[in-house]
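**Student:** Sequence and predicted model, in that order:
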Amino acid sequence: MIDGLGIDMVDVDRIAGKISKEAGFRELVFSPGEIGYCETQANKFEHYAARFAAKEAFFKALGTGWADGTAFSEVEITHHASGRPDLNLLGRTRDTLAPLKIIKILVSLSHIKTIASAVVIIEK
C-alpha cells in the first residue's frame, strides 16, 4: 500500500555552486558511490542535482522531513543494469527508519541543463 509520495525540483546551478564553493558539501550530501557515478558523467551537476532532489523527495514522502538519526549521504541512488534508479537506505539512516516497516521505495529522476526533479513513492 502506498504510504507516502514526495516530489522535488532543484536548480542545477545551485547544486553546482555548492559543490564548487563549499568544502565538504558533496561528501556531506552524497554517498561515495553517488560521487563516483556523478563524477564520470558528462553533465555531472545535473546528476548530482537529480540525486539531491530524490533525497528531498524521499524525506517529503516520509512525512517527517529530515529526521534525527538520518543523513542525506545515507539515502543513496543506485541504478539497475537497465538504467532504472533505486533508492537505498544505508547505515544509521537504515537503522533509524527500520521501525517504519518500509517495504518498497520507488524513485524516478529527471534532469535537463537547468533543472532536476525526482518523485519518490514509499510503500508499507
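**Tutor:** Noted; the coordinates are in hand.

**Student:** Gln41 belongs to a strand?
**Tutor:** No. Going by DSSP: H, G, I helix; E, B strand; the rest coil, the assignment for Gln41 is coil, not a strand.

**Student:** Contacts only, for the nearest residue to it once chain neighbours are set aside.
**Tutor:** Nearest non-adjacent residue to Gln41, counting by CB to CB, 6 or more residues apart in numbering: His47, 4.8 Å away. (Glycine included, C-beta is placed from N, CA and C.) Shown in contact with His47 (CB atoms under 8 Å, 6 or more residues apart in numbering): Tyr37, Cys38, Gln41, His111.

**Student:** Now render the residues you listed as a markdown table, adding distance to Ile19 and pLDDT.
**Tutor:** Below are the contacts of His47 laid out as a markdown table (distance: CB to CB, whole Å; pLDDT from 0 to 100):
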| residue | distance to Ile19 | pLDDT |
| --- | --- | --- |
| Tyr37 | 14 | 96 |
| Cys38 | 9 | 97 |
| Gln41 | 13 | 95 |
| His111 | 15 | 96 |
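
**Student:** Could you tell me which of these belong to strands?
**Tutor:** Counting by DSSP state E, the contacts of His47 place His111 in strands.
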